[in-house]
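> dropping the sequence and predicted coords here.
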Amino acid sequence: MVSSLSKSKKATSSSSKVKVNPNPSSSTANPLNQISKLESTLLGDEYDPNPLLPLISLSRHEDPQIVHKAVWALHRVFIKFISEGKVGGLNGDLIIKRKINEDKGDNDFGEEREVKAWVRERLLEYIEVLGGLVRDKEPALRSSSIPLLFSLLPPLSTSIQSSTPLIHIPYFRLILDLLFNPKSSLRGAKPKSSGGWKIVEANQVEEDEGILPVDVAQIVVDDFWAKHDDIRWAFFKESSNFIQNIDGEQSISNHSNLLAQLGPLVNLPKTPEDINTFYISTFTEPPTTKSLNKKLKKNNKKGKLRYKGEIDELPSWMKEYESENSDSEEEQEQEGKKGTKRIREKVSTLSIHQSVYSLQSHKTQYTNLWENVLSYLKLDDFWIRKILIGLHGEYGILGHFKPERRLRIADWLSTLVDNGGANAMLGMNGLFVLMTEYNFEYPHFYDRLYALLDRNVMHVKYRARFFRLLDTFLASSLLSSALIASFIKRLARLTLSSSPAGIIIILPFIYNLLKRHPGTMILIQRPDDDNNNLNILKISSTLGKQGYIDPFNNEEKNILKTNAINSSLWEIKSLQKHYLSSISILSKVFNEIFTKPQYNLEDFLDHGYGTLFDTESNRKIKNPPALSILIETSTPEILTDLFPTSDFIKDLKNQEEEEGQEIIAKQGDIISELWTF
């Protein structure tokens with residue numbers, strides 16, 4: 001191997017631009033041929049790293065075909081250099097550049113070490129080129145940059161001298177930094193005199209600055225995070241560090257890039273047997289139980305019992321929900337001569353190899369990441385809604401949380417409910433799931449739900465989802481009649497200001513509530529003061545009396561103090577005179593005996609002005625009404641044709657003009673006569 005210091009100095013001082021042979025007939029005049037020649041030199045038997053400079057310069061060429069060939073050639077070269085130990089600083093941080101000692105007599109920083117450090121700097125330049133290609137306008141370059149970036153991780157990880165498999169964390173953090181904070185493409189870029197690069201805007205993808213393209217995020221998720229257990233575990237762990245270090249050098253400038261990769265990860269391991277696919281080949285062999293027990297005993301003696309990412313003390317109200325085991329514990333059983341011995345394994349004490357095979361470690365890192373996302377990132381409405389929708393279910397976010405930490409997102413959900421708006425109802429759904437499935441106590445749930453029922457909710461696009469969730473929340477037959485009566489009365493009051501499409505939803509909804517809770521039937525069977533005829537038809541006469549006041553207080557926020565149970569549904573009686581026949585007919589069902597089954601709400605939730613118009617226009621009329629068109633002229637005429645011809649209309653207009661002129665002439669004669677003395 002050539003390790004001459006003069007060669008390294010020559011390489012360092014060389015220009016970053018490609019020196020093209022002035023002879024057009026030379027094979028090096030063609031950049032594609034030049035790439036092949038440079039690659040052959042670098043992969044040859046005689047070690048000479050100097051061709052890295054022109055080859056990296058060609059990876060910034062304007063032509064995408066040349067760039068594509070150059071980055072793949074560099075990939076093959078650096079894979080060989082890494083495997084042969086020709087790249088320095090692999091056991092340190094690749095991002096922080098080392099200062100090279102000028103003392104030639106120092107064995108630690110001799111000529112060979114200096115050459116390795118120079119090659120490492122060229123590797124960082126190559127990584128910078130690949131990181132910029134994720135936002136290149138050319139789709140082929142974008143799709144190639146991600147596999148090339150990840151392909152360097154296995155050789156870098158295996159190059160570290162260790163008795164157990166490792167993931168090269170410094171390089172992995174560099175990958176995450178390029179995915180969370182993507183840079184501009186350097187294709188066609190020219191160096192500035194002041195440093196940096198002059199970017200060619202025409203070669204950039206049509207996305208907002210700092211946004212990872214959708215196709216790139218899809219490749220990252222499908223081909224790497226979702227497929228391989230080892231790097232997915234590292235993704236969860238290191239992404240939490242990026243979020244916590246939000247003001248540091250390695251932070252996330254745009255949370256959309258992280259959530260676009262984290263959100264689709266729903267099919268995570270459920271059992272230890274599901275952890276079976278690895279990107280780094282050294283992880284295919286599981287850790288031995290002997291090494292695990294030895295490490296546990298050693299760490300327990302030193303007192304390393306707590307994961308540094310955990311908070312020191314929980315609030316008093318949350319302690320009772322914690323299980324007896326710590327958040328970072330898992331239990332394993334070991335068969336021994338004296339029987340079964342149970343060992344409590346701390347996730348923080350596990351090596352990377354053991355953590356990758358630990359299901360509890362995967363859950364812990366996943367939970368830590370989501371807690372940091374909800375605590376530190378300022379999420380916009382789009383991502384809040386996507387998180388709320390994907391929160392529940394077997395493969396939802398909470399389904400992969402550590403069981404004893406699921407209640408920790410209750411504060412975040414409560415804040416969304418307090419802020420109101422489109423996300424409040426989805427936040428209520430999250431609290432409802434925590435209450436029904438995880439024994440969470442939220443005493444003011446129905447007060448907050450009642451407050452969401454205002455006139456605005458009837459004019460938003462998520463109205464159907466709102467009523468689906470509302471029906472779920474009010475499904476229990478154990479709810480008091482006074483509480484249900486408040487919801488019925490509030491919904492009935494909303495019909496007075498709602499659109500026909502909204503009324504179509506409310507009427508069957510109220511009917512179902514009355515059927516489900518017979519104690520509220522008093523709202524439509526309120527006895528009249530004059531007699532005991534229990535019928536909603538008497539409501540109109542009651543309202544007509546002088547001095548009658550509806551006892552329902554629509555402004556009361558406490559749902560049990562609205563006095564709705566003492567009121568009546570006079571609002572539904574008024575709907576029986578609605579101009580739209582479908583509403584007036586539907587509201588008259590409350591006059592009948594409640595023997596019909598409950599309505600299927602799905603038949604009414606998707607109605608709008610368009611569906612109502614189609615229903616009315618397609619309605620079959622049994623007895624068509626008599627139709628005649630009367631033309632108002634001085635001598636009214638009835639048209640026999642529905643669509644008269646243009647000549648007929650023209651004759652009518654001429655007739656009207658002649659009659660008008662005669663009237664004007666007569667009026668002129670009268671005026672002249674008045675002024676005759």
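In hand now; what should we look at?
> so where's the stretch 151-300 of the chain uncertain?
246-251, 289-300 (pLDDT under 70).
> ok, which stretches of it are strands?
All strands of the stretch 151-300 of the chain, identified by DSSP state E, counting those that start in this stretch, fall at 190-191, 197-198.
> what packs against the last one?
Using 3 or more Cβ pairs under 8 Å, 6 or more residues apart in numbering; DSSP states H and E as the contact test, the elements touching strand 197-198 are strand 190-191. For the C-beta atoms, the positions are set from N, CA and C on the backbone; glycine is no exception.
> which helices and strands does the strand it packs on pack with?
Checked by 3+ Cβ pairs under 8 Å, 6+ apart, strand 190-191 has strand 197-198 packed alongside it.
> where's the strand it packs on relative to the chain centroid, distance-wise?
Distance of strand 197-198 from the chain centroid (Cα atoms, centre = their mean, to the nearest Å) equals 34 Å.
> what sits up against it?
186, 189-192 (Cβ atoms under 8 Å, 6 or more residues apart in numbering).
> strands paired with it, and their directions?
Within its sheet, and counting by DSSP bridges, strand 197-198 is paired with strand 190-191 (antiparallel).
> how much distance is there from the strand it pairs with to the middle of the chain?
Put simply, strand 190-191 sits 38 Å off its chain's centre (Cα atoms, centre = their mean).
> if we look at the host helix or strand of Thr436, which residues are touching it?
Following DSSP states H and E, one finds Thr436 within helix 422-438. Here helix 422-438 makes contact (Cβ under 8 Å, 6+ apart) with 381, 384-385, 388-389, 391-392, 398, 406-407, 409-410, 413-414, 416-417, 440-442, 445, 448-449, 452, 460, 462, 465-466, 469-470, 472-473.
> swap in 7 Å and give it another go.
The contact list for helix 422-438 (Cβ atoms under 7 Å, 6 or more residues apart in numbering) reads 381, 384-385, 388-389, 391-392, 406-407, 410, 413, 416-417, 440, 442, 445, 448-449, 452, 460, 462, 466, 469, 473.
> just the buried ones out of those residues, please.
Buried residues within the contacts of helix 422-438, counting neighbours by 16 or more other Cβ atoms under 10 Å: 384-385, 388, 391-392, 406-407, 410, 413, 416-417, 440, 442, 445, 448-449, 452, 466, 469, 473.
> next helix or strand past the helix holding Thr436?
helix 445-451.
> so, low pLDDT: which residues of the stretch 301-450 of the chain?
In the stretch 301-450 of the chain, residues with pLDDT under 70: 301-348.
> just the helices in it please.
316-319, 352-356, 359-376, 381-389, 410-419, 422-438, 445-451 (DSSP state H, counting those that start in this stretch).
> nearest to Leu156, out of those helices?
Counting by Cβ to Cβ, Leu156 lies closest to helix 352-356 out of the helices of the stretch 301-450 of the chain; the figure is 14.0 Å.
> list the buried ones in the helix or strand containing Thr615?
According to DSSP H and E, Thr615 maps onto helix 609-617. For helix 609-617, a neighbour-count test (16+ other Cβ under 10 Å) marks Leu612 as buried.
> quick check: mean pLDDT of it?
Computed over helix 609-617, the mean pLDDT rounds to 72.
> surely Pro49 is in contact with Val119?
Yes. Using Cβ atoms under 7 Å, Pro49 is in contact with Val119, at 5.3 Å.
> of all the helices of the stretch 301-450 of the chain, which one is nearest Ser144?
Of all these, helix 352-356 comes closest under Cβ to Cβ, at 27.6 Å.
> give me the residues contacting that closest one.
Contacts for helix 352-356 (Cβ under 7 Å, 6+ apart): 164-167, 229-230, 233, 283, 287, 292, 347, 361.
> of those residues, grab the buried ones for ChimeraX.
Selection of the buried residues among the contacts of helix 352-356 in ChimeraX, burial being defined by 16+ other Cβ under 10 Å:
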select :165,166,167,229,230,233,283,287,292,347,361
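> just the closest of the contacts of helix 352-356 to Asn623, please.
Asp229 (72.0 Å).
> for the closest one, which non-adjacent residue is spatially closest?
Distances taken as Cβ to Cβ, 6 or more residues apart in numbering place Ile275 nearest to Asp229, at 4.7 Å, with adjacent residues excluded.
> mind listing what that neighbour touches?
When contacts are counted by Cβ under 7 Å, 6+ apart, Ile275 touches 229, 269, 357, 359.
> so who does Arg187 touch?
Counting by Cβ under 7 Å, 6+ apart, Arg187 makes contact with 60, 62, 64, 67, 136, 200, 203.
> let's have the residues you listed in TSV, adding distance to Asn554.
Supplementary listing: these in TSV, determined by distance: Cβ to Cβ, whole Å:
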residue	distance to Asn554
Arg60	68
Glu62	69
Pro64	65
Val67	67
Asp136	59
Val200	63
Asn203	61
